[in-house]
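[1] from the sequence below, what's the structure:
(2 chains)
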Amino acid sequence: MSPNTSLDVAPGDVDGDRLVAPSQRGSQRAVKKPRAQFTPYSLLVPATAVLAAVVGWPLIQLVIMSFQEFGRAQVFGAPSPFIGFDNYVEVLTDQAFWLVMFRSFAFAAVCVVSTMVMGTLIALLMNALGKVMRLVLSIGLLLAWAMPALTATIVWGWMFDTGYGVVNYVLTRWFGLDYIGHSWLIEPLSFFFVAALIVIWGAIPFVVFTVYAGLTQVPDEVLEASQLDGAGPVQRFRLIIFPYLRSIFLVVFILQIIWDLRVFTQIFALQGIGGIKEQTSTLGVYIYQNSLGTGEYGTGGAIAVITVIVITAISFYYVRQSIKEEEL
Amino acid sequence: MRKLSIAALGVVAALALASCSAGDGGSGESATGDLRVWLVGTDTPQEARDYLIDTFESENPGSTLTIEEQAWGGLVDLLTTNLSGSDSPDLVEVGNTQAAAFTSAGAFLDLTADYDALGGDDLLPGFVEAGSYDGKFYAAPLYSGSRLVFYKKDALAAAGLSVPTTLDEYVSNGEALAEANPGASGIWWPGQDWYNALPFIWENGGEVATFESSGWKSQFSSPGSIAGLKQVQDVMTNASRAPKDANETNPQVGYCEGTTLQLSAPSWVKWSILAPLDAETPGCPDEEANLGVYAMPGKDGGAAQVFAGGSNIAVSAKSAHPELAKKALAIILSDGFQEIYGANGLVPAKLSLADTLGTDEVAAAISEAAGAARLTPPSPKWADVEASGALTDFFVQIAQGGDVASLAKDLDAKIDSILNG
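    Residues are numbered from 1 along each chain as shown, chains lettered A, B, ... in the order given. Predicted coordinates for the structure are as follows:
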């Protein structure tokens, strides 16, 4: 028994003539406590320092810049005067910005829903498959997950190429449709169809693996019992699997929204291949075009700050929800 | 705990050191160093690159020179971020229409004192103007290259046509060729290629933008420009089978495949078309005898006013070795280096070297086209107009068959706001 246990300072213990009060023990503990509290915080220091340097500092710069007149001359050292909310007024009164905002949300909605539905279905399929096919499927998904977005977009771009693409070839030769020289990117809807295909294709593996990992945690007994009680597959998913995986679905869902709202690479690379930039820009690309494209870093900064606020609001909701889940 | 704080201290120290070393780059230049030169695209022949490296390194023992090749796409962004950083390249090539964006921003070293040593009034005047700002000389001419029309001699002969002498004939030839060869382009013109639309605008009496007392005024919706743009739309829809929204890279693919019968492109495209079969981007060397070339004809005969493409070259204001960079620049503007451009079908940066182009068909077409070549508006913000993508969007919509007048009006509004914004 260690001398620190409460037994050896039980009330009635004698120190000279006096009783040693338990409260003194308490104060001894209070001296030790801060030390114990300091360790977890100090463990956070490296991560916080890196985050502050890599994310925090640029973010502060961005906010400052969004209140300044900041063009290419300012990049090379000219003074950058503060102009209050002028950049924000300019952005928020620009119809193009609202179109871009609407487009981004619509695109993200389609991508998120498709990714979640297909990802969940494939995860369920994976759960039901035998060992060999599951391995084959996992490897296929891993390859898609490992492919850099830029590479994927360029390869998909070749497949949908107007003159030499395999998609036009197959549709024309095998299905007898007239797709010779059909441009997939010139119409905005068709452009976003191709873009969504690339984004969803790249995002599905993450959903599949996460949901699959969750599925392995659903106790078989419960599923078996419900089956005996006559629950069909849809009911089993809705009433048993889904509630078990609720928190996983929530995390994946919110992450997908954030990723799809700020999608950049796929849209930017596709715009280089074809299409009309003005009709196909989403938030990420719009920020780039305003900042680096036309050299209006102040306006671009304002758009970026607005985007950060929107995405932070969504993330905040996610963090609050997951804290609630933990408390339950 | 102790280890952790030591590690944290280490990180802080490393960060502090990094910012220190970044800060004292400009003070005091050592006699030797490693120069980084940015050339853009494949325009500059390998022979010229070797000449530059060998000459520089033998004249400056102990120093090295590395050429880093960049792409034309997104160059303005790339230069903005790299020239303003602490790790700036020393010498950079920049498109002549983009130069003003950087000369006006203070990104380049002032070369006014070196103007005479670099060639003085022998340097191409239009490019000296493009590289100057506020009476100071920042970016020297590198080379110029006019656009020429390349064509398949046998296709033109088979259709009973001859080399056109007027712009209207050029258009009707293209349409006749497209009609006689279903699926092929009489004039290959992908929608994003706006440079080739400029001669149509200028020849019809239009302008891109003019400077008035109140500022820049975009002129795409002026009557002359509209007439030219309608002709552009005519060619894009009736003579071209190129994708309506593609860009103008790799023109040799269609040419070698036989689906491109004529195309207007920079003079060095000849070497893309005739590239050996085992090259990284192969061409069709067996077409050499069949490859014809002429200068785009003007509305009333003679050469059309085409876009004077080309490059300037400048020393970065943040170069760690400005003196060495100036020495390398002197080599680049020396006759020995510039003659290699001439021999490869690019117009050298010096007027006195014009005869190095040779006397063949290409050379004759180049000098004819160069005589009438013109530049885009000399506004520091013009590069932003190009980078915004408004022009490529506009011509893709023209190729798509959109309403020229209303599209031109929208474009004017956009360009006005960028140039005067």
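
[2] residues in contact with residue 218?
    All of this is about chain A. Going by C-beta atoms under 8 Å, 6 or more residues apart in numbering or on different chains, residue A:218 touches A:240, A:241, A:244, A:245. No exception for glycine: its C-beta is placed from N, CA and C like everyone else's.

[3] I was thinking of chain B, sorry if that wasn't clear
    Residue B:218 sits next to B:208, B:209, B:411, B:412, B:413, B:414, B:415, B:416, B:419 when contact means C-beta under 8 Å, 6+ apart.

[4] do residue A:285 as well
    Counted by C-beta under 8 Å, 6+ apart, residue A:285 has contacts A:264, A:267, A:268, A:271, A:277.

[5] measure the first one to chain B for me?
    The one in question is residue A:264. Look at residue A:264 and chain B: by C-beta to the nearest C-beta, to the nearest Å, they are 13 Å apart.

[6] how close does the closest residue to that residue other than its chain neighbours sit to chain B?
    Sequence neighbours aside, residue A:284 is the residue nearest to residue A:264 in space, at 3.5 Å (criterion: C-beta to C-beta, 6 or more residues apart in numbering or on different chains). Distance check for residue A:284 against chain B: by C-beta to the nearest C-beta, it reads 14 Å.

[7] which residues of chain B fall in strands?
    Secondary structure of chain B (DSSP state E): strands at B:34-40, B:64-70, B:91-95, B:132-133, B:136-137, B:139-152, B:209-212, B:215-218, B:262-266, B:291-294, B:308-315, B:347-348.

[8] now these as CSV including mean pLDDT?
    CSV is the format used below for these (pLDDT from 0 to 100):
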stretch, mean pLDDT
strand B:34-40, 94
strand B:64-70, 93
strand B:91-95, 95
strand B:132-133, 90
strand B:136-137, 94
strand B:139-152, 91
strand B:209-212, 92
strand B:215-218, 93
strand B:262-266, 92
strand B:291-294, 92
strand B:308-315, 91
strand B:347-348, 88
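
[9] most packed of these?
    Sort the strands of chain B by mean neighbour count, taking mean count of other C-beta atoms under 10 Å in any protein chain shown, and strand B:347-348 sits at the top with a mean of 28.

[10] quick one: strands adjacent to that one?
    strand B:139-152 (antiparallel) (DSSP bridges).

[11] ok, the residue lying closest to residue A:164 once chain neighbours are set aside to residue A:167 distance?
    In space, and not counting its chain neighbours, residue A:164 is closest to residue A:158: 7.8 Å by C-beta to C-beta, 6+ apart. Going from residue A:158 to residue A:167 by C-beta to C-beta, to the nearest Å gives 10 Å.

[12] so between those two, which is more surrounded?
    Between residue A:158 and residue A:167, residue A:167 has the larger neighbour count (other C-beta atoms under 10 Å in any protein chain shown), namely 16 against 13.

[13] quick one: that one and chain B, what's the gap?
    Counting by C-beta to the nearest C-beta, the gap from residue A:167 to chain B is 14 Å.

[14] now swap in residue A:190 and tell me
    Per C-beta to the nearest C-beta, residue A:190 is found 11 Å from chain B.

[15] what packs against whichever strand or helix holds that residue?
    Assigned by DSSP states H and E, residue A:190 falls within helix A:188-215. Applying 3 or more C-beta pairs under 8 Å, 6 or more residues apart in numbering or on different chains; DSSP states H and E, one finds that helix A:188-215 contacts helix A:95-128, helix A:131-146, helix A:149-159, helix A:246-261, helix A:265-273, helix A:277-280.

[16] following the third one, which helix or strand comes up?
    Beyond helix A:149-159 in the direction of the C-terminus, DSSP H and E gives the next helix or strand as helix A:166-173.

[17] for that next one, which positions count as buried?
    Using 16 or more other C-beta atoms under 10 Å in any protein chain shown as the test for burial, helix A:166-173 gives A:167, A:168, A:171.

[18] and what of stretch B:254-271?
    B:254-256, B:259-271.

[19] and for stretch B:360-372?
    Judged by neighbour count (16+ other C-beta under 10 Å), stretch B:360-372 contains these buried residues: B:362, B:363, B:365, B:366, B:367, B:368, B:369, B:370, B:372.

[20] state the mean pLDDT of it.
    Averaged across stretch B:360-372, pLDDT comes to 79.

[21] with just CA atoms, put it into CSV.
    What follows is stretch B:360-372, C-alpha atoms only, in CSV (Å, rounded to 0.1, in the frame of the first residue of the first chain):
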residue,chain,number,x,y,z
ASP,B,360,12.7,30.0,-97.6
GLU,B,361,9.0,30.1,-97.8
VAL,B,362,8.5,30.4,-94.0
ALA,B,363,11.0,33.3,-93.8
ALA,B,364,9.3,35.2,-96.6
ALA,B,365,5.9,34.7,-94.9
ILE,B,366,7.3,35.7,-91.6
SER,B,367,8.8,39.0,-92.8
GLU,B,368,5.6,39.7,-94.7
ALA,B,369,3.4,39.1,-91.6
ALA,B,370,5.8,40.9,-89.2
GLY,B,371,5.6,44.0,-91.3
ALA,B,372,1.9,44.4,-90.5
